[in-house]
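Undergrad: make a model of this:
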Amino acid sequence: MKSKLLLLCFLFFLSCSHLLLSSSFSFSNSTKICPHGQALALLQVKQSFSIDNSSSWDCDYFGGTTSYPKTEYWKEGSDCCSWDGVSCDLVTGHVIELDLSCSWLSGTIHSNSTLFRFPHLQRLNLAFNNFSGSSVLAGFGRFSSLTHLNLSDSRFSGLISPEISHLSNLFRFSELTNCGLYGRFPDNDIHLPKLELLDLNGNQDLSGNFPRFSENNSLIDLYLSSTNFSGELPASLGNLKSLQTLDLSNYQFSVSIPSSISNLKSLQTLDLSNCQFLGSIPASLENLTQITSLYLNGNHFSGKIPNVFYNLRNFILLDLSRNNFSGQIPPSIGNLTNLYELDFSDNQLEGAIPSSVNGFSSLSFVHLGYNLLNGTIPSWLYTLPSLVKLDLSHNKFTGHIGEFQFDSLETIDLSMNELHGSIPTSKFEPVNLSSLYLFSNNLSGVLETRKFEKLINLTYLDLSNNMLSLTMSVHSNSMLPNIRTLDLSHNNISGMFSWNVGNDTLAYMNLSYNSISGFEMLPWSSMSTLDLNSNLLQGPLPTPLNSTFFFSVSHNKLSGEISSLICKASSMGVLDLSHNNLSGMLPHCLGNFSNDLSVLNLRRNQFHGIISQTFLKDNSFRTLDFNSNQLEGFSKIKSPFMCLRIIDLAHNDFEDEGVIPECIGNLNSLRGLNLSHNYLTGYIPLSFKNLKMLESLDLSSNKLSGRIPQELTSLTFLEVLNISQNHLIGFIPQGSQFQTFGNDSYYGNPGLCGFPLSKRCTTDEIPYPSQKIEAKFESGFDWKITLMGYGCGLVIGLSLGCLIFVSGKPEWLVWIIDKNIHKKIVRNKRSTRGRGARIS
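TA: Below you'll find the predicted structure:
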């Protein structure tokens with residue numbers, strides 16, 4: 001019986017094999033090769049473009065695909081259906097798909113291009129090429145069978161041809177992203193009933209209203225981000241019943257979200273970030289039960305966050321950051337059990353974080369910084385098993401920092417709060433921790449450097465502005481091998497600093513405002529910024545490393561001379577040695593050892609001797625402060641330091657007398673000028689009328705003579721003027737800012753008359769146009785004298801450079817200078833208008 005069954009199975013197998021072979025043979029014989037006309041058309045397409053690998057570089061970097069010249073392998077006489085990027089119908093041989101994406105093509109597609117001679121084409125992909133100057137032509141409307149069209153990142157531009165609406169079979173009109181399209185998008189209804197995807201993202205010059213879709217639509221994904229569309233979101237938005245993704249980010253709306261959005265029951269991703277929406281979030285949001293990702297960040301939403309999250313359990317990402325939400329965090333947030341990222345940062349939320357949550361086993365990113373939240377940090381935040389980043393910075397949290405239970409953390413930011421107590425040991429456990437920010441709290445206690453030995457991936461550590469002290473162990477040298485930024489400033493660290501962490505990686509270290517007395521060495525080979533100001537450093541000046549850009553040891557007790565080795569730091573941009581006991585002559589190389597040196601501060605030391613001429617050529621100085629030294633000698637220059645903002649040469653003791661150089665009038669960026677308490681003679685230069693940005697001018701306690709130039713009334717920003725204690729004569733100019741200055745601006749000049757002085761002018765003292773005075777460099781006073789070392793003038797010293805104010809770096813210096821200038825000007829302004837004008 002068994003043998004018969006085996007025989008039957010064998011016969012059945014032979015029968016099936018015969019049928020399969022016959023079918024295969026018949027099928028292969030019926031397959032058509034590419035028609036000659038289509039092969040010829042493809043070759044003409046090839047010839048219409050040049051090959052340039054730079055045309056597809058976006059593909060290699062962003063497209064996730066390696067680009068190559070597909071058309072290079074198209075050869076005449078071969079079957080075009082076998083060509084790279086070409087697919088044909090297996091029966092008719094008609095070309096039904098062209099995938100020329102990432103093919104290095106460069107050129108323009110014209111209306112008569114043979115590209116449009118494929119009426120059976122179903123898929124066309126021209127992404128990641130360079131068709132600069134080409135528009136979405138009417139020819140695309142001939143592809144009546146087209147279901148997929150991708151033109152993204154191919155540098156199309158111009159208007160969208162209305163013939164596109166003829167593509168009634170189109171499923172995916174994708175990927176007109178970043179094409180440079182411009183003009184107005186058609187206002188008529190879109191009648192593409194099979195269309196599932198429309199992507200116009202990144203066409204910033206494409207304007208119009210939100211596209212109107214009929215009720216008979218199949219749209220699933222709609223991307224209109226970063227376009228110039230504007231206006232309201234229409235109520236017809238609710239017609240998109242099948243919509244799963246709606247991305248309107250960076251879209252110019254100015255009203256509220258329509259309630260009809262609640263009709264989008266299939267919606268999974270809604271991105272309305274950076275759209276300028278106003279008002280509140282509609283409570284009907286709770287009807288979007290399928291939603292997983294909601295981006296409403298960067299708008300002007302206000303009011304309370306609605307408590308609508310009880311039934312929205314599919315949420316994975318919720319971003320409401322950078323709005324004006326107030327009130328408390330809604331307790332229903334605790335029901336979002338699948339949540340992966342939560343971002344409510346940069347609002348005005350207050351109160352405590354909800355203390356009760358259901359799970360949050362997948363929650364990895366929590367951003368609640370820049371709010372007004374208070375109370376203690378809830379215990380559940382310390383027990384999240386998947387937590388990667390926790391940001392609670394810039395709030396009002398109090399209490400102690402708890403112990404974290406898991407080591408998944410990579411970033412912890414609890415800075416700018418009111419936390420107190422010691423740093424828990426769990427902070428030193430997560431082996432993946434790369435960033436730890438606890439600055440500006442009330443933390444105290446002793447930190448032992450050996451506790452950091454497990455943090456082998458730590459890159460950024462900022463514990464500044466606390467009350468921490470540091471104990472350095474003998475084995476601490478090999479710790480934190482990947483650290484790049486270390487900020488321990490404004491703490492209670494004392495004694496010798498021997499924690500030589502990150503010898504090969506540390507680029508930024510700030511130990512300022514401590515009580516550190518010295519270093520065993522400076523071993524860091526990659527150091528760019530080293531700030532040691534306001535400590536108790538003694539002995540000789542430590543030599544900065546060659547890679548250093550910012551070096552500050554101001555307000556210490558350093559002594560001795562500056563070694564010429566400092567000039568090996570050829571990348572130096574800011575060098576601050578002020579407020580020490582340094583002495584000797586300045587190295588000749590100090591004037592131009594670095595092309596980047598813009599800030600040199602030697603204020604309040606004991607340097608002496610002649611300043612080298614290297615300071616006057618081939619340098620980039622923007623801030624130069626030699627105040628309170630015994631330096632002398634500067635070569636004559638015609639246009640010194642064109643970007644200076646403040647010049648303070650007050651309280652010098654020049655051996656000879658001289659005039660004010662006319663060239664100071666060329667310093668167009670000057671905001672403050674103080675030459676008081678010297679022995680300057682001659683006239684006030686007429687060129688001062690060019691200092692249009694000048695806010696403060698102090699020429700008091702000199703021996704200036706002649707009249708006050710009437711042209712100075714054109715200085716409309718001038719708020720502080722002190723020319724007292726000179727030998728000036730004649731009529732005080734009237735008009736503009738001069739109407740605001742009091743008597744003390746002019747006292748000690750018995751030859752002056754007119755408002756605001758009580759002395760009236762006689763006929764021969766009436767004002768007349770100023771005569772141009774060529775103030776030349778005389779033997780007594782020139783630029784080799786003016787920068788000798790000067791006393792307490794406008795606080796800042798010699799200049800405040802345009803580089804700092806344009807770039808905003810370094811921020812600490814900009815803040816200090818802005819603050820001091822503002823205080824000084826306000827104080828002097830009050831003095832000028834009240835008690836007088838003694839601003840020197």
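Undergrad: pretty sure residue 747 contacts residue 724?
TA: Yes: if you go by C-beta atoms under 8 Å, residue 747 and residue 724 touch, sitting 4.9 Å apart. Any C-beta I mention is one placed from the backbone N, CA and C, and that applies to glycine too.
Undergrad: of the two, who's got more company?
TA: Here residue 747 and residue 724 are compared on neighbour count by other C-beta atoms under 10 Å; more neighbours surround residue 724, at 25 against 18.
Undergrad: so the residue nearest to residue 255 when sequence neighbours are not counted: helix, strand or coil?
TA: Excluding its sequence neighbours, the residue lying closest to residue 255 (C-beta to C-beta, 6 or more residues apart in numbering) is residue 232, at 5.2 Å. With DSSP: H, G, I helix; E, B strand; the rest coil as the basis, the three-state label of residue 232 is coil.
Undergrad: tell me the confidence at residue 232?
TA: We have a pLDDT of 78 for residue 232.
Undergrad: least confident secondary structure element in this protein?
TA: helix 783-786 (a mean of 32; mean pLDDT, DSSP states H and E).
Undergrad: picking that back up, burial check on the residue nearest to residue 255, number of neighbours?
TA: By other C-beta under 10 Å, the residues close to residue 232 number 13.
Undergrad: surely it and residue 257 touch.
TA: No: checked against C-beta under 8 Å, the pair residue 232 and residue 257 is beyond contact range at 10.0 Å.
Undergrad: and the longest strand seen in the chain, C-alpha only, in PDB?
TA: Scanning the chain for the longest strand, with DSSP state E as the assignment, gives strand 442-448. Output of strand 442-448 as PDB, limited to C-alpha atoms (Å, rounded to 0.1, in the frame of the first residue of the first chain):
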ATOM      1  CA  ASN A 442      23.100  76.100  47.100                       C
ATOM      2  CA  LEU A 443      24.900  72.800  47.100                       C
ATOM      3  CA  SER A 444      27.600  72.300  49.700                       C
ATOM      4  CA  GLY A 445      29.900  69.700  51.100                       C
ATOM      5  CA  VAL A 446      33.200  68.100  50.000                       C
ATOM      6  CA  LEU A 447      33.600  66.500  46.600                       C
ATOM      7  CA  GLU A 448      36.200  63.800  46.500                       C
END
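Undergrad: which strands and helices sit next to that strand?
TA: Packing partners of strand 442-448 (3 or more C-beta pairs under 8 Å, 6 or more residues apart in numbering; DSSP states H and E): strand 420-421, strand 467-471.
Undergrad: got a list of contacts for the next helix or strand along the chain from the last one?
TA: Read it as strand 467-471. Using DSSP states H and E, the helix or strand that directly follows strand 467-471 along the chain is strand 485-487. The contact list for strand 485-487 (C-beta atoms under 8 Å, 6 or more residues apart in numbering) reads 439, 459-464, 480, 501-502, 506-510.
Undergrad: just these: which are in strands?
TA: When DSSP E is applied, these are split such that 460, 461, 462, 508, 509, 510 fall in strands.
Undergrad: the fifth one bridge partners, please.
TA: With DSSP bridges applied, the residues forming beta bridges to residue 509 are residue 486, residue 530.
Undergrad: so it versus residue 597, what's the distance?
TA: Distance, residue 509 to residue 597, by C-beta to C-beta, to the nearest Å: 20 Å.
Undergrad: for this structure, just list every one of the helices.
TA: 2-30, 36-47, 57-58, 783-786, 802-807, 811-833 (DSSP state H).
Undergrad: would you agree residue 140 is in contact with residue 150?
TA: No: contact criterion C-beta under 8 Å: residue 140 and residue 150 do not qualify, at 11.8 Å.
Undergrad: show me where pLDDT drops low in the stretch 701-840 of the chain?
TA: Across the stretch 701-840 of the chain, the ranges flagged by pLDDT under 70 are 763-840.
Undergrad: would you mind getting the angle between the longest strand of the chain and strand 467-471?
TA: Strand 442-448 and strand 467-471 are oriented at 0 degrees to each other (axes from the mean of the first three to the mean of the last three C-alpha atoms, to 10 degrees).
Undergrad: each with direction, which strands does strand 442-448 pair with?
TA: Using DSSP bridges, strand 442-448 pairs in its sheet with strand 420-421 (parallel), strand 467-471 (parallel).
Undergrad: so which residues make contact with that strand?
TA: Strand 442-448 is contacted by residues 401, 418-423, 463, 466-471, 473 when judged by C-beta under 8 Å, 6+ apart.
Undergrad: do that again at 7 Å, thanks
TA: With C-beta atoms under 7 Å, 6 or more residues apart in numbering as the test, strand 442-448 has contacts from 418-423, 466-471, 473.
Undergrad: give the buried residues for it.
TA: The neighbour-count check on strand 442-448 (16 or more other C-beta atoms under 10 Å) flags 443, 447 as buried.
Undergrad: and it, how far out from the chain middle?
TA: 33 Å (C-alpha atoms, centre = their mean, to the nearest Å).
Undergrad: and residue 294, how close does it get to residue 313?
TA: Residue 294 is 13 Å from residue 313, by C-beta to C-beta.
Undergrad: neighbour count winner among these two?
TA: residue 294 (23 against 13).
Undergrad: which residues touch the more buried one?
TA: Counting by C-beta under 7 Å, 6+ apart, residue 294 has contacts 270, 318, 319.
Undergrad: try it again with 8 Å
TA: Contacts of residue 294 (C-beta under 8 Å, 6+ apart): 270, 315, 317, 318, 319, 320.
Undergrad: residue 546 too?
TA: Residue 546 neighbours (C-beta under 8 Å, 6+ apart): 568, 569, 570, 571.
Undergrad: so how far is residue 355 from residue 335?
TA: Using C-beta to C-beta, we find residue 335 at a distance of 14 Å from residue 355.
Undergrad: hmm, who's touching stretch 46-61?
TA: Contact partners of stretch 46-61, identified using C-beta under 8 Å, 6+ apart, comprise 65-67, 69, 71-72, 74, 101-107, 109-110, 113-114, 127-130, 153.
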